[in-house]
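Have a look; sequence and predicted model below, questions after that.
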Amino acid sequence: MEEKRLYNKVTDDVVKKLVAICGEKYVTTSEPLRHSYMARGIMGLEAVLPEAIIRPANADEVSRVLVMANEHLIPVTPAAGGLSGGFALPAIEPGGIYMDMTRMNGLEVDVENRVMVVEPGLKSGDAWRIFKTKYPEWAPPIPDGAPPAATVLGDAIERGFSLVTGVYGPQADMIMGLEVVLPTGDVLRTGSWAVPGAKPFYRWGPGPNPDGLFLGSQGSMGIITKAAIKMVPHPHFKTVVAYGGESFEDIVKPTWEVSKHELGIADRCVMVQGGNWQLVLTRWPKTNVPLDYEFYKKMGMSEYWMNYEIWAWSQEELDFTLKKIDEIYKAYEVKANTKCPQQYLHPKQIASRLKKPNKIAIPYALWEAGFLFITWYCPWLESANMMEQYCAKMEEYGFPPTMWVASIDHGRQAIVMPIVCFDSTKPGIYDKIREFNLETTKSFLKQGWLNYRPDPFVHAPETFSLAKDYYKMLVKFRKVLDPNLILHPGRLAIPWEAVTKLPNPCGEPKASESKVSKPTKPQVKK
């Protein structure tokens with residue numbers, strides 16, 4: 001017996017309706033163009049080809065498309081740059097409508113309230129250029145390490161990593177309000193923005209704040225068309241200083257000591273990140289660089305290192321911060337009976353690191369033409385143990401143990417990211433990566449660590465199989481907001497059977513077996 005289809009395909013009639021909403025110029029079913037959208041993911045490997053690409057101009061067009069999609073039971077995947085998450089592609093079949101939000105690229109700057117309002121298509125490079133020329137005393141918290149084409153909003157709503165994350169925390173902590181088109185087509189504003197005429201100056205608004213439902217849901221709960229985000233002061237006395245170590249512990253523990261000095265020292269360390277020597281090695285083609293650490297040791301590079309990007313209001317303030325960091329490292333060397341030498345950085349290295357956007361994430365594709373970022377959160381002092389376990393597993397599976405780590409909010413959390421460099425042409429390589437990913441995921445979840453931007457085919461099923469009550473609550477919220485489940489399941493894996501054959505944590509039947517056969521028609525207020 002043929003299984004009942006949960007969604008319908010995009011027909012010629014549907015395409016005509018999309019053209020009527022967005023305009024013929026902004027709707028395409030061209031196969032080459034549809035394939036071009038599948039080449040962007042750096043944090044995911046699975047995707048389904050979309051059936052139609054549309055580029056709406058505003059929230060009204062987004063709303064009308066969603067109403068139509070509900071009527072025809074067609075899935076919708078919203079995305080802008082497609083770089084922040086890597087799963088900004090359809091993960092359900094049929095692929096449905098891919099909603100490219102890049103036409104919506106507006107930026108409003110409110111210097112008095114220190115807030116900028118961004119639309120989904122605003123690119124980091126453009127935001128930085130505008131602030132540099134028009135608002136040099138302020139900085140937009142753009143994603144750090146991502147290419148200029150990565151979007152500000154995409155990073156923010158994914159709770160991403162900005163250029164000031166070391167002080168201000170994950171990007172989502174800087175959001176003051178959202179404009180969201182719900183799956184039914186209704187438009188919701190959060191925070192003080194919920195009151196007509198009010199500015200987005202107060203995140204918590206007139207009552208309980210629902211914005212957490214949309215942050216990290218990757219468009220599965222609603223499509224965010226605007227976000228009010230804090231902008232930060234931009235002093236221009238800057239530098240980068242780095243210290244080495246003999247182990248991961250030697251870069252984690254001194255950083256924790258620095259981070260505890262929140263007033264006056266750590267508050268100037270806007271970006272604190274490091275890793276191991278393989279981070280340098282794998283930024284070049286495998287055949288063009290020495291593979292033995294001894295070569296890099298002769299250059300003065302420690303096996304492990306941490307660097308601090310420091311912003312200060314004066315040279316005196318900058319010098320004071322550098323002096324205190326050095327004192328903390330010297331004290332740690334004595335206490336731990338180890339060596340943490342300051343690493344010499346060429347002026348060009350410092351200038352490259354301070355340049356924004358700095359593109360540091362791009363070169364890893366050079367190693368063997370394939371790379372994958374996998375990211376986890378853990379308490380800062382547990383990150384050394386996590387990195388040691390990860391590196392051992394990477395070597396066991398034949399991957400170079402390339403490891404990156406960064407401090408979040410004064411060392412309250414760590415974001416740990418192995419960079420899996422591989423030969424994408426090698427038979428069976430993707431199965432091998434999934435096996436590696438699954439084994440480490442099961443181990444790390446048992447140790448209480450949490451995947452960030454989870455793979456819906458590995459991390460989400462494993463996580464929610466443990467956090468069953470949490471998943472059940474997400475399902476309830478999702479069904480209230482999206483009764484026909486037309487939006488991309490994102491990393492939440494709702495509906496469950498769209499991404500995994502594992503038992504549903506809720507113990508519910510498949511959506512395709514549900515007794516409800518007719519779509520729920522959304523009622524949109526005019």
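Nice, I can see it. Numbers count the residues shown, from 1 in each chain.

For W376, which residues are in contact?
M386, I415, V416, M417, F444, W449, L450, N451, Y452 (Cβ atoms under 8 Å, 6 or more residues apart in numbering). Using the backbone N, CA and C atoms, a C-beta is placed for each residue, glycine as well.

Domain map for the chain?
Using automatic domain parsing, the domain ranges for the chain come out as 12-100, 107-233, 237-452.

did I read that right, F464 in a strand?
No: counting by DSSP: H, G, I helix; E, B strand; the rest coil, F464 is not found in a strand; it is helix.

hang on, isn't it packed against P505?
Yes: F464 lies in contact with P505 (Cβ atoms under 8 Å); the separation is 5.1 Å.

Please enumerate the shared neighbours of the two.
Shared contacts of F464 and P505, defined by Cβ under 8 Å, 6+ apart, comprise Y471.

quick one: which of the two has more around it?
F464 (25 against 21; other Cβ atoms under 10 Å).

so who does the closest residue to Y135 other than its chain neighbours touch?
Nearest residue to Y135 in three dimensions, chain neighbours excluded: V109, at 6.0 Å (Cβ to Cβ, 6 or more residues apart in numbering). Neighbouring residues of V109 by Cβ under 8 Å, 6+ apart: M116, I130, F131, K134, Y135, W138, M231.

The fifth one and I494: what is the separation?
Summarising the geometry, the distance separating Y135 from I494, computed by Cβ to Cβ, to the nearest Å, is 40 Å.

what pLDDT does the nearest residue to P170 once chain neighbours are set aside get?
Counting by Cβ to Cβ, 6+ apart, P170 lies nearest to R159, which is 4.4 Å off, once chain neighbours are set aside. At R159, the model reports a pLDDT of 79.

my read: R159 touches M174, true?
No: the criterion here is Cβ under 8 Å, and R159 misses it with M174 at 10.2 Å.

Please say which of the two ends up with more neighbours.
Set R159 next to M174 and count neighbours by other Cβ under 10 Å: M174 wins out with 22 against 18.

ok now do the more buried one, which residues does it touch?
Per Cβ under 8 Å, 6+ apart, neighbours of M174: P141, A156, S162, Y168, I229, K230.

what comes up buried for the lengthiest strand in the chain?
In the chain, taking DSSP state E as the definition, the longest strand is strand 413-423. Judged by neighbour count (16 or more other Cβ atoms under 10 Å), strand 413-423 contains these buried residues: Q413, A414, I415, V416, M417, P418, I419, V420, C421, F422.

What is the nearest of those to V272?
Using Cβ to Cβ, A414 comes nearest to V272 of the buried residues of strand 413-423, at 10.0 Å.

Excluding residues flanking it in the chain, which one is nearest that closest one?
Nearest non-adjacent residue to A414, counting by Cβ to Cβ, 6+ apart: S383, 3.6 Å away.

can you list contacts of the strand or helix carrying the one you found?
Taking DSSP states H and E as the criterion, S383 maps to helix 383-396. By Cβ under 8 Å, 6+ apart, the list of residues contacting helix 383-396 from outside reads 247-249, 251-253, 276, 376, 378, 400-403, 405, 414, 416, 418, 420, 436, 439-440, 443-444, 447, 449.

now swap in stretch 16-34 and tell me
Counting by Cβ under 8 Å, 6+ apart, 10, 15, 49-57, 61, 64-65, 68, 97-98, 103 sit against stretch 16-34.

Can you turn the buried part of those residues into a PyMOL selection?
The following PyMOL line selects those of these that are buried, judged by 16+ other Cβ under 10 Å:
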select buried, resi 10+15+50+51+52+53+54+55+56+61+64+65+68+97+98+103
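
Inside helices: which ones of the contacts of stretch 16-34?
Mapping these onto helices (DSSP state H) picks out V15, E61, R64, V65, M68.

all helices for the stretch 251-400 of the chain, in order.
278-281, 293-298, 315-336, 347-354, 383-396 (DSSP state H, counting those that start in this stretch).

Could you take those helices and lay them out as TSV, with extra columns for distance to G185 and mean neighbour count?
Formatted as TSV, those follow (distance: least, Cβ to Cβ, whole Å; neighbours: other Cβ atoms under 10 Å):
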stretch	distance to G185	mean neighbour count
helix 278-281	46	19
helix 293-298	56	12
helix 315-336	51	15
helix 347-354	44	14
helix 383-396	43	19
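
CA atoms only: put the host helix or strand of V240 into CSV for me.
Taking DSSP H and E as the criterion, V240 maps to strand 237-245. Extracted C-alpha coordinates of strand 237-245, given in CSV (Å, rounded to 0.1, in the frame of the first residue of the first chain):
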residue,chain,number,x,y,z
PHE,A,237,42.6,51.3,19.8
LYS,A,238,42.9,47.6,18.9
THR,A,239,45.3,44.7,18.8
VAL,A,240,45.5,40.9,18.9
VAL,A,241,47.7,39.0,21.4
ALA,A,242,48.2,35.2,21.5
TYR,A,243,49.6,32.7,24.0
GLY,A,244,50.6,29.1,23.5
GLY,A,245,50.4,26.1,25.6
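
Partner strands of that strand, with direction?
Partner strands and pairing direction for strand 237-245 (DSSP bridges) are strand 304-312 (antiparallel), strand 342-343 (antiparallel).

V475 is nearest to which of those?
Taking the strands paired with strand 237-245 one by one with Cβ to Cβ, strand 304-312 is closest: 40.7 Å.

Generate a PyMOL selection restricted to the buried entries among the contacts of V109.
Applying 16+ other Cβ under 10 Å to these, the buried members can be selected in PyMOL as follows:
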select buried, resi 116+131+138+231
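
Helices - which of the contacts of V109 land there?
Reading helices off the contacts of V109 with DSSP H, I get I130, F131, K134.

and the residue nearest to A414, how far is that from L438?
Distance from S383 to L438, counting by Cβ to Cβ: 21 Å.

W138 now?
Distance from W138 to L438, by Cβ to Cβ: 44 Å.

Repeat that for V180.
33 Å.

which of these two has more neighbours?
Per other Cβ under 10 Å, whichever of V180 and L438 has more neighbours is V180, with 26 against 16.

Tell me how many other residues crowd the residue lying closest to the more buried one once chain neighbours are set aside.
Once flanking residues are discounted, V180 sits nearest to G222: 4.2 Å by Cβ to Cβ, 6+ apart. G222 has 26 neighbours, counted by other Cβ under 10 Å.

so who does G222 touch?
Here G222 is in contact with V180, V181, L182, P183, L188, L213, F214, L481, L487 (Cβ under 8 Å, 6+ apart).

picking that back up, identify, from the contacts of W376, the entry nearest to Y344.
Y344 lies nearest to M417 out of these, by Cβ to Cβ, at 25.4 Å.

I figured that closest one hits L372, correct?
No: using Cβ under 8 Å as the test, M417 is too far from L372 to be in contact (10.2 Å).

thinking again about what came up before, now do the residue nearest to Y135 against P32, distance only.
Applying Cβ to Cβ to V109 and P32 gives a distance of 38 Å.

W367 and F320, how far apart?
40 Å.

now I21
58 Å.

With N385 instead?
Noted for N385: a distance of 33 Å to F320, by Cβ to Cβ.

if we can go back for a sec, greatest separation within the contacts of M174: which pair is it?
A156 and Y168 (11.6 Å).

Next, show the common contact partners of those two.
P141, S162, M174.

so which of these comes closest to M299?
S162 (31.1 Å).

I'd like to know the phi and psi angles of that closest one, please.
Torsion angles at S162 (phi, psi; degrees, to the nearest 10) stand at phi -100, psi 180.

Secondary structure element holding the residue nearest to V458 when sequence neighbours are not counted?
Closest residue in space to V458, ignoring its immediate chain neighbours: N437 at 4.9 Å, by Cβ to Cβ, 6+ apart. Counting by DSSP H and E, the element that carries N437 is helix 429-446.

Pretty sure V118 sits against D155.
No: V118 lies out of contact with D155 (Cβ under 8 Å); the separation is 10.3 Å.

Can you check which residues contact both of these two?
With Cβ under 8 Å, 6+ apart, V118 and D155 have no common neighbours.

distance of P341 from E257?
Relative to E257, and taking Cβ to Cβ, P341 is found at 17 Å.

Since that was my last question, I'll sign off now.
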